[in-house]
Structures are given as structure tokens and as C-alpha cells.
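Chemist: Below are the sequence and a predicted model; questions follow.
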Amino acid sequence: MREDMSVLRVTAREMRRNMTPEEQLMWSRLRRRFLGFKFRRQVPIGQVIVDFACMSRRLVVEIDGRHHLENLQDRERDRWLAARSFRVLRFQNQEVLDDIESVLDTIQSHLGPP
């Protein structure tokens with residue numbers, strides 16, 4: 001178990017170093033306390049690594065490429081996170097690139113008041 005967590009932390013660190021352009025754009029908007037909420041990037045939660053998480057609101061934000069469309073593994077991860085009281089918001093890469101303000105509005109609506 002301890003070895004698994006160590007591997008997960010190393011993997012998360014590597015993912016932070018190699019974020020996609022869409023993840024970099026999202027992080028540039030979330031990193032400095034978005035609306036007073038602290039977000040973390042490439043966060044291990046249990047045995048999964050999520051793109052972004054606001055732990056105080058138990059909100060996960062995933063930025064997905066085409067390979068995630070109708071992905072069974074993603075649905076299983078979402079169910080696993082939901083069973084632990086996390087809400088998961090998924091956005092496509094193109095949504096982030098084309099209309100990040102709308103994406104941020106959706107995130108804001110799920111955060112609630114600070």
C-alpha cells in the first residue's frame with residue numbers, strides 16, 4: 001500500500017511537469033485561489049490522479065481529450081469518486097480552448113459561495 005502511494009505521488013509529479021496545453025490554460029486560471037477557493041493540480045485521491053481538485057468543496061475538474069469520450073474507465077472513476085462525496089466536472093479540451101470563461105462559470109456554479 002505504501003509503495004502504491006509512493007508510485008502514485010511520483011506519477012502525479014511527472015504529470016504536473018507534463019501538462020497538456022489545455023491543462024496549463026486551466027491551471028493558469030485556477031492556481032491563484034479561484035474566487036477564494038484553493039485548487040490543486042494532478043492530485044492523487046485514493047488510487048486515482050485527478051486533473052484538478054478543490055478539496056474543501058470536494059470538487060474535481062477533469063480536462064479530457066477525444067480518447068475520453070464514452071470511456072468506461074472514466075465512468076468507473078467518477079462513480080468511485082462520487083462514492084467518496086466528490087463531484088466530478090468533465091470538460092473537453094476544445095471547450096477549454098474555445099470558451100474558458102463558460103467553463104469557469106460552470107465551475108463557479110458548482111463551488112457555491114466562498
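Modeler: Perfect, I can see it now. It should be emphasised that the depicted structure is a prediction, and the values quoted were computed from it without experimental measurement. Numbers count the residues shown, from 1 in each chain.

Chemist: Reduced to three states, what does Asp78 come out as?
Modeler: helix (DSSP: H, G, I helix; E, B strand; the rest coil).

Chemist: hey, what's the spatially closest residue to it that is not a sequence neighbour bridged with?
Modeler: Among residues not flanking Asp78 along the chain, Val88 sits closest, at 4.7 Å (Cβ to Cβ, 6 or more residues apart in numbering). C-beta here means a position set from N, CA and C on the backbone, and glycine is covered the same way. Per DSSP bridges, residues listed as beta-bridge partners of Val88: Val60.

Chemist: Val88 contacts Glu62, correct?
Modeler: Yes. Proximity of Val88 to Glu62 meets the contact threshold set by Cβ atoms under 8 Å, at 6.3 Å.

Chemist: any common contacting residues for the two?
Modeler: When Cβ atoms under 8 Å, 6 or more residues apart in numbering defines a contact, the residues bordering Val88 and Glu62 alike are Val50.

Chemist: related to what we said a few turns ago, run through the residues that contact the residue nearest to Asp78.
Modeler: So Val88 contacts Val50, Val60, Val61, Glu62, Arg77, Asp78, Leu81, Ala82 (Cβ under 8 Å, 6+ apart).

Chemist: Any of the residues you listed buried? List them.
Modeler: For these, a burial check counting by 16 or more other Cβ atoms under 10 Å picks out Val50, Val60, Val61, Glu62, Arg77, Asp78, Leu81.

Chemist: which ones are touching the fourth one?
Modeler: Glu62 sits next to Val50, Asp51, Phe52, His68, Asp74, Val88, Leu89, Arg90, Phe91 when contact means Cβ under 8 Å, 6+ apart.
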